[in-house]
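Colleague: Only the shape, not the letters, is given here:
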């Protein structure tokens with residue numbers, strides 16, 4: 001198994017992201033552009049990054065200091081749990097409120113209030129399970 005958020009893992013995640021219409025097509029409709037970092041809660045910086053343009057991943061790999069719009073952190077155990085079981089809106093809210101999922105960069109409240117972003121965000125966790 002490829003290590004979580006390694007360059008290889010991120011590249012496969014990016015391919016799966018682009019192959020999922022409920023994620024890439026939904027975000028393309030709102031012209032979603034972002035740099036999204038993924039990592040572990042106590043690390044000084046994220047490990048992996050996705051660069052998304054018009055809903056599609058154009059770059060996926062190792063984080064190398066790119067400016068981020070989103071920086072998502074959690075323990076390895078929580079990431080693995082969400083990847084295995086998925087995440088729904090209730091689970092997302094609980095993970096955020098309990099600080100199991102941390103947004104070091106990005107506005108959780110604005111994202112979760114916008115169904116055009118919240119739905120694809122939730123979908124990204126099920127897409128992770130395909131990696």
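Modeller: Done, it's in. The structure displayed is predicted, hence computed values, not measured ones.
Colleague: in the helix or strand of the chain with the lowest mean pLDDT, what counts as buried?
Modeller: Of all regular secondary-structure elements in the chain, judged by mean pLDDT, DSSP states H and E, the least confident is helix 108-113 with a mean of 89. Residues of helix 108-113 classed as buried by neighbour count (16 or more other CB atoms under 10 Å): 108, 111, 112. Bear in mind the C-beta positions are built from the backbone N, C-alpha and C, glycine included.
Colleague: Show me what it is packed up against.
Modeller: helix 89-97, helix 115-128 (3 or more CB pairs under 8 Å, 6 or more residues apart in numbering; DSSP states H and E).
Colleague: contacting residues around it?
Modeller: With contacts defined as CB atoms under 8 Å, 6 or more residues apart in numbering, helix 108-113 is touched by 89, 92, 93, 96, 117, 118, 121.
Colleague: Can you show me the helices along this protein?
Modeller: Along the chain, counting by DSSP state H, helices occupy 7-19, 24-29, 76-85, 89-97, 108-113, 115-128.
Colleague: For residue 63, which of those is the nearest?
Modeller: Within those, the stretch nearest residue 63 is helix 7-19; the backing value is 8.9 Å (CB to CB).
Colleague: List the buried residues for the closest one?
Modeller: Using 16+ other CB under 10 Å as the test for burial, helix 7-19 gives 7, 9, 10, 11, 12, 13, 14, 16, 17, 18.
Colleague: returning to what we had before: of the contacts of helix 108-113, which is the nearest to residue 131?
Modeller: Using CB to CB, residue 121 comes nearest to residue 131 of these, at 16.8 Å.
Colleague: tally of neighbours for residue 45?
Modeller: Neighbourhood size, residue 45 [other CB atoms under 10 Å]: 14.
Colleague: who touches the closest residue to it other than its chain neighbours in this structure?
Modeller: Spatial nearest neighbour of residue 45, chain neighbours left out: residue 63 (6.0 Å); criterion: CB to CB, 6 or more residues apart in numbering. Counting by CB under 8 Å, 6+ apart, residue 63 touches 37, 39, 45, 46, 47, 48, 49.
Colleague: What separation is there between residue 63 and residue 19?
Modeller: 23 Å (CB to CB, to the nearest Å).
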